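Peer 1: 3D, please:
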Amino acid sequence: LNRSHIAMLARIRPWLLVLSAILASRFIGMALFPFADTTEPRYAEIARLMVETGDWITPWFEPGVPFWGKPPLSFWAQAASIQLFGLSEFVIRLPSWIATVGIVYLTWHFALLLWGKTVARWSALVFSSMALTYISAGAVMTDAFLALGTTLALVSLGLTLNGKSTAWGFLFFVGVAIGLLAKGPLTLVLIGVPIGTWLVMTRTAPAKLGRLPWLWGCTFTALVVLPWYVLAEWKTPGFIDYFIVGEHVRRFLDPGWAGDLYGTAHLQPKGMIWVFWIWASFPWGLIAISCLAVSWFRGKGKDSMRALRDPRLLFVFLATMGPLLFFTPAGNTLWTYALPSLPFTAILIAYWLTRLDLARFSKFYYPLAGAVPVLMTVFVLLGTQGVYTLKTEKQLVLEYEKLADHDSSPLLYLNDLPFSARYYSRGAAQEITSEELSATKANPHYATYFVAIPKQISQESVVTWLREANTELLNRRYRLVSFNPNIHRQELSKNDQ
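Peer 2: Below you'll find the predicted structure:
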């Protein structure tokens, strides 16, 4: 490096270097870590099918089976990424990373305009280094897009109410539209709960919301969102009933909801979202709780609570609490449901940490910001080096492709076809029953059969069949075997003679 390069680097703030390192480090896992069942390969396959079929209206769970569980925004982004850059884990994960960078910017910008540079910098660092933020930034999921929509809407409203540019008022509706196309009507609840509560607690007249361009904003939202919902119902009737009623009412009110067409209900104790929030915000949530406890012990806790008299801080606090309070009575939750809360959680933590008298603790801030990225990167590297086995069929599919020729069967999975096998085989892998497997001996269609059989199989007919097959590969869940039915039939004929 010459002197000019050194001088340029010296002008870059340490916090920005740390933030850049956190975000860039996620590329390692995005590029190296295979899709592990079930969420990532399921959504990746939906995006791949969107490109393959050219159908950008209906996401397809598999050929002939529409996916009604989510609106298409994340699938559109992932499919567009595939078309632009080709098919790979990194490419399909990239849209979530971009969405997360957008949330980081909104978090930084909101805190900057409300409380200045120090709070803004730490808000960005805290949010980007939280466990769920870091994981979802490089994962094929819909949650980053929902969080982008809700964060954009709430930040835009907060800035509009504080007299900022009228452009932020229009961006409120852009955020609503993003959320409606990423997750559906749940967006309106996650945005509306903190706004309504803030209006009541601050005794602010709803007329103050008139600063938003309601006519143009609602028109824009309707024009962007409604056409897809109408086309989705027209193309695959039944979508509205399943998605609006099932996914948004029955899923949360019925802990054992059996209507999920694409998985199983996630039965959890009511109030589990608060535990999920602690996991999702790690390590900062625990740090914040500990610091507040110390503050109360020192007799300064009431000062922290009195700070909520500031309408700006109360708005951020309610934006943090809104998703958590909404999901508290729900019996069907995931830890990812806490993600929309985290940008505002980060601002609260940054605000309070910069005001608490914890000078001895402050020297650990940067190491804490690096904790999750370092741990996750080590986890990725250990997994890719085979230190622990992953729940993915990538290696098995690659082994099949190496062994198979034009006379070979498709890759067959006994009784159940994992999502990662669907994705890595580009939809070519098939499911086969034990009866169909036995029938191949009497009426073979291929010179060689390749079958992935669960390692813990107990069916006697299959166990007998396995003794006559060649084991090609073992992974965490399956044994890949090859079998030549013609040779087997010749041996049976000899025995009969």
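Peer 1: any idea how far Asp416 is from the most centrally placed residue in the chain?
Peer 2: Relative to the mean C-alpha position of the chain, the nearest C-alpha, by C-alpha atoms, centre = their mean, is the one of Met141, at 3.1 Å. Per C-beta to C-beta, to the nearest Å, Met141 is found 23 Å from Asp416. The way it works is simple: take the backbone N, C-alpha and C, and place the C-beta from them, glycine included.
Peer 1: same check, this time on Trp234
Peer 2: Trp234 is 33 Å from Asp416, where distance means C-beta to C-beta.
Peer 1: again with Ala288
Peer 2: The gap separating Ala288 from Asp416 is 43 Å, by C-beta to C-beta.
Peer 1: Show me which of these two is the more surrounded one.
Peer 2: More crowded of Ala288 and Asp416, by other C-beta atoms under 10 Å: Ala288, with 20 against 11.
Peer 1: burial measure for Thr377, as a count.
Peer 2: Neighbour count for Thr377, taken as other C-beta under 10 Å: 17.
Peer 1: buried sites along the helix or strand where it lies?
Peer 2: Secondary-structure assignment from DSSP states H and E places Thr377 in helix 365-384. Neighbour-count burial for helix 365-384, counted by 16 or more other C-beta atoms under 10 Å, picks out 365, 369-373, 376-377, 380, 383.
Peer 1: ok so, going back, is it true that the residue nearest to the centre of the chain lies in a strand?
Peer 2: No: read with DSSP: H, G, I helix; E, B strand; the rest coil, Met141 is coil and lies in no strand.
Peer 1: Could you give the backbone dihedrals for it?
Peer 2: phi -140, psi 170 (degrees, to the nearest 10).
Peer 1: Give me the pLDDT for it.
Peer 2: What the model reports for Met141 is a pLDDT of 95.
Peer 1: Equivalent analysis for the one 4 residues further on, please.
Peer 2: Here the pLDDT value assigned to Phe145 is 98.
Peer 1: Near it, how many other residues are there?
Peer 2: 28.
Peer 1: quick one, phi/psi of it?
Peer 2: Main-chain dihedrals, Phe145, degrees, to the nearest 10: phi -70, psi -40.
Peer 1: mind listing what the closest residue to it other than its chain neighbours touches?
Peer 2: Once flanking residues are discounted, Phe145 sits nearest to Ala182: 3.7 Å by C-beta to C-beta, 6 or more residues apart in numbering. If a contact means C-beta atoms under 8 Å, 6 or more residues apart in numbering, then Ala182 has 70-71, 73-74, 142, 145-146, 148-149 as its contacts.
Peer 1: which one of these is nearest Ala442?
Peer 2: Among the contacts of Ala182, Lys70 lies closest to Ala442 (C-beta to C-beta), at 43.5 Å.
Peer 1: what about that closest one, which SS state?
Peer 2: Lys70 ends up coil, using three-state DSSP.
Peer 1: All the helices of the stretch 251-400 of the chain, residue numbers only.
Peer 2: 251-253, 272-280, 284-297, 301-306, 311-327, 342-353, 359-362, 365-384, 394-403 (DSSP state H, counting those that start in this stretch).
Peer 1: Using PDB, write out the CA atom coordinates for the fifth one.
Peer 2: Think helix 311-327. The C-alpha trace of helix 311-327 is given here as PDB (Å, rounded to 0.1, in the frame of the first residue of the first chain):
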ATOM      1  CA  PRO A 311     -42.200  10.700  22.000                       C
ATOM      2  CA  ARG A 312     -39.400   9.700  19.700                       C
ATOM      3  CA  LEU A 313     -38.000   7.100  22.100                       C
ATOM      4  CA  LEU A 314     -41.400   5.900  22.900                       C
ATOM      5  CA  PHE A 315     -42.100   5.400  19.200                       C
ATOM      6  CA  VAL A 316     -38.900   3.200  18.800                       C
ATOM      7  CA  PHE A 317     -39.800   1.300  22.000                       C
ATOM      8  CA  LEU A 318     -43.300   0.500  20.700                       C
ATOM      9  CA  ALA A 319     -41.900  -0.500  17.300                       C
ATOM     10  CA  THR A 320     -39.700  -2.900  19.200                       C
ATOM     11  CA  MET A 321     -42.500  -4.300  21.400                       C
ATOM     12  CA  GLY A 322     -45.200  -4.500  18.600                       C
ATOM     13  CA  PRO A 323     -44.200  -7.800  17.000                       C
ATOM     14  CA  LEU A 324     -43.400  -9.400  20.400                       C
ATOM     15  CA  LEU A 325     -46.800  -8.400  21.900                       C
ATOM     16  CA  PHE A 326     -48.700  -9.500  18.800                       C
ATOM     17  CA  PHE A 327     -47.100 -13.000  18.800                       C
END
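Peer 1: tell me the angle of that helix relative to helix 342-353?
Peer 2: Helix 311-327 runs at 130 degrees relative to helix 342-353, counting by axes from the mean of the first three to the mean of the last three C-alpha atoms, to 10 degrees.
Peer 1: For helix 311-327, which outside residues touch it?
Peer 2: Helix 311-327 has contacts (C-beta under 8 Å, 6+ apart) with 114-115, 154, 158, 161-162, 189-190, 193-194, 197-198, 201-202, 204, 252, 273-274, 277, 307-308, 333, 337-338, 340-341, 344-345, 347-348, 351.
Peer 1: so where's the stretch 101-250 of the chain shaky on pLDDT?
Peer 2: For the stretch 101-250 of the chain, the stretches with pLDDT under 70 are 250.
Peer 1: redo that, cut-off 80
Peer 2: 165, 246-250 (pLDDT under 80).
Peer 1: can you give me the helices in it?
Peer 2: With DSSP H, counting those that start in this stretch as the criterion, the stretch 101-250 of the chain has helices spanning 117-128, 131-137, 143-161, 167-182, 186-201, 214-235, 239-240.
Peer 1: List the contacts of the last one.
Peer 2: With C-beta under 8 Å, 6+ apart as the test, helix 239-240 has contacts from 66, 68, 229, 232-233.
Peer 1: Distance to Thr133 and neighbour count for those - can I get that in TSV?
Peer 2: Formatted as TSV, the contacts of helix 239-240 follow (distance: C-beta to C-beta, whole Å; neighbours: other C-beta atoms under 10 Å):
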residue	distance to Thr133	neighbour count
Pro66	31	19
Trp68	28	22
Tyr229	29	17
Ala232	30	20
Glu233	34	16
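Peer 1: need those residues in CSV with distance to Phe85, can you?
Peer 2: As requested, these are exported to CSV (distance: C-beta to C-beta, whole Å):
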residue, distance to Phe85
Pro66, 27
Trp68, 28
Tyr229, 29
Ala232, 27
Glu233, 32
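Peer 1: mind listing what's buried in stretch 423-430?
Peer 2: By 16+ other C-beta under 10 Å, the buried positions in stretch 423-430 come out as 423-425, 429.
Peer 1: So which of those residues are in helices?
Peer 2: Among the buried residues of stretch 423-430, the members found in helices (DSSP state H) are 423-424.
Peer 1: Identify each buried residue in stretch 158-172, please.
Peer 2: 158-161, 168-172.
Peer 1: And for stretch 479-488?
Peer 2: Result for stretch 479-488 [16+ other C-beta under 10 Å]: buried residues 479-485, 488.
Peer 1: do stretch 281-296 as well
Peer 2: Counting neighbours by 16+ other C-beta under 10 Å, stretch 281-296 gives 281-285, 287-288, 291-292, 295 as buried.
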